[in-house]
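Colleague: Starting from these lines, generate the structure:
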Amino acid sequence: MVKGDQRRKQLARQKYERQAQRRVENRRKTKRRNVVIASALAVALAAGATVYATAGLVGADNGNDANAAADRPKDPCAAPAKGKPSEKQWKKEPELTVDTAASYTAELATTCGDITLKLDAKKAPHTVNSFDFLAGEKYFDHSKCHRLVDDGLHVLQCGDPTGTGQGTPGYTIPDENLKDSRLKGNVYPAGTVAMANRYDGQSEKTRDTGGSQFFLVFQDSELPPNYTPFGTITQGMDVLKKIAKAGSTPDPQTGNTAPNATVVIDRARVTKT
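Modeller: I've put the predicted structure just below:
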């Protein structure tokens, strides 16, 4: 009888441990899903009212200690070029003029070094078309890369001239290429360039909410395939790792984990070949 009681207690304990582990894993998955952004976007209700929704933002808490500021590594990046971030807005997505048979290359001249992206117009025409349009309008010039996540996810997020994680060009673009063969096992591989959005993982109404904000993956990152992959990093992985090495600090005002490095896109240009 004693052995029977011990066995039941052992099984009960093992069951509790499995449940606890599942709860921890679910929290980790929720954290990863919510880390990638999107901006505050207006949603018109049937009654005509307007509300604003912002995706939950959780990042690497590398600066939570009271002495974090004193322990920060030296900023590895240069001072930004003179100029102000864009304040342009548009009422609708730009006309789809991208050539899906052509190759497009984006050059991001940042304060930390140059980053080159190969854009996939064939698989993500709306996203590449919008990126090309915004670059041509100098929308990205003088904008901060406002979020660095290096805990579970390994991404640098850019594309918001407001530097808050809530900026938008005024329009949204559809999700694309979510079944890309590279996104195996819910992993965005290192070198992926993807569009952020405000999909909440529950409501389909929050789909197709990409704007201008994008993220650069510098190490394989587990993330559900809900964010349009529209290119690959062909040059500048060393730049991203340098930025990541400097760490990040939570910003209580925006909820972002801002890079400790001064990461600013001085100039962004897209060329067609």
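Colleague: tell me which residues of stretch 171-180 are tucked away?
Modeller: Judged by neighbour count using 16 or more other CB atoms under 10 Å, the buried positions of stretch 171-180 are Tyr171, Thr172, Ile173, Asp175, Glu176, Asn177, Asp180. Yep, even glycine has a C-beta here, placed from its N, CA and C like the rest.
Colleague: what pairs with the third one across the strands?
Modeller: Pointing back at Ile173 there. Here Ile173 sits in beta bridges with Gly210, as judged by DSSP bridges.
Colleague: hmm, back to that, closest one to His154 out of the buried residues of stretch 171-180, please.
Modeller: Of all the buried residues of stretch 171-180, the one sitting nearest His154 is Asp180; the distance, using CB to CB, is 18.6 Å.
Colleague: Mind checking what secondary structure the closest one has?
Modeller: coil (DSSP: H, G, I helix; E, B strand; the rest coil).
Colleague: Quick check: bridge partners of Val149?
Modeller: For Val149, the residues forming beta bridges with it (DSSP bridges) are Val155.
Colleague: State the distance from it to Ser143.
Modeller: Distance, Val149 to Ser143, using CB to CB, to the nearest Å: 18 Å.
Colleague: sorry, back to before: got a markdown table for the buried residues of stretch 171-180, with distance to Ala246 too?
Modeller: Compiled in a markdown table, the buried residues of stretch 171-180 are given as follows (distance: CB to CB, whole Å):
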| residue | distance to Ala246 |
| --- | --- |
| Tyr171 | 34 |
| Thr172 | 32 |
| Ile173 | 31 |
| Asp175 | 32 |
| Glu176 | 33 |
| Asn177 | 31 |
| Asp180 | 31 |
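Colleague: nearest to Glu204, of those?
Modeller: Distances from Glu204 to these, taken as CB to CB, are shortest for Asp175 (10.7 Å).
Colleague: Give me the pLDDT value at that closest one.
Modeller: We note a pLDDT of 98 for Asp175 in this prediction.
Colleague: Who are the contact partners of it?
Modeller: With contacts defined as CB atoms under 8 Å, 6 or more residues apart in numbering, the neighbours of Asp175 are Asn197, Tyr199, Arg207, Asp208, Gly210, Asn226, Tyr227, Thr228.
Colleague: Could you rank those by neighbour count and give me the top one?
Modeller: Looking at those with neighbours defined as other CB atoms under 10 Å, the largest count falls to Gly210 at 31 neighbours.
Colleague: picking that back up, Pro73: which of the buried residues of stretch 171-180 is nearest?
Modeller: The closest of the buried residues of stretch 171-180, once distances to Pro73 are taken by CB to CB, is Asp180, at 35.2 Å.
Colleague: so the residue most central in space within the chain is in which element?
Modeller: The centroid of the chain falls nearest to Phe215 when counting by CA atoms, centre = their mean (3.8 Å). According to DSSP states H and E, Phe215 maps onto strand 214-217.
Colleague: So which residues make contact with that strand?
Modeller: If you take CB under 8 Å, 6+ apart as the criterion, strand 214-217 is touched by 36-37, 115, 131, 147, 154-159, 188-196, 227, 230, 233, 240.
Colleague: Narrow the residues you listed to those in helices?
Modeller: Secondary structure assignment (DSSP state H) places Phe131, Leu240 from the contacts of strand 214-217 within helices.
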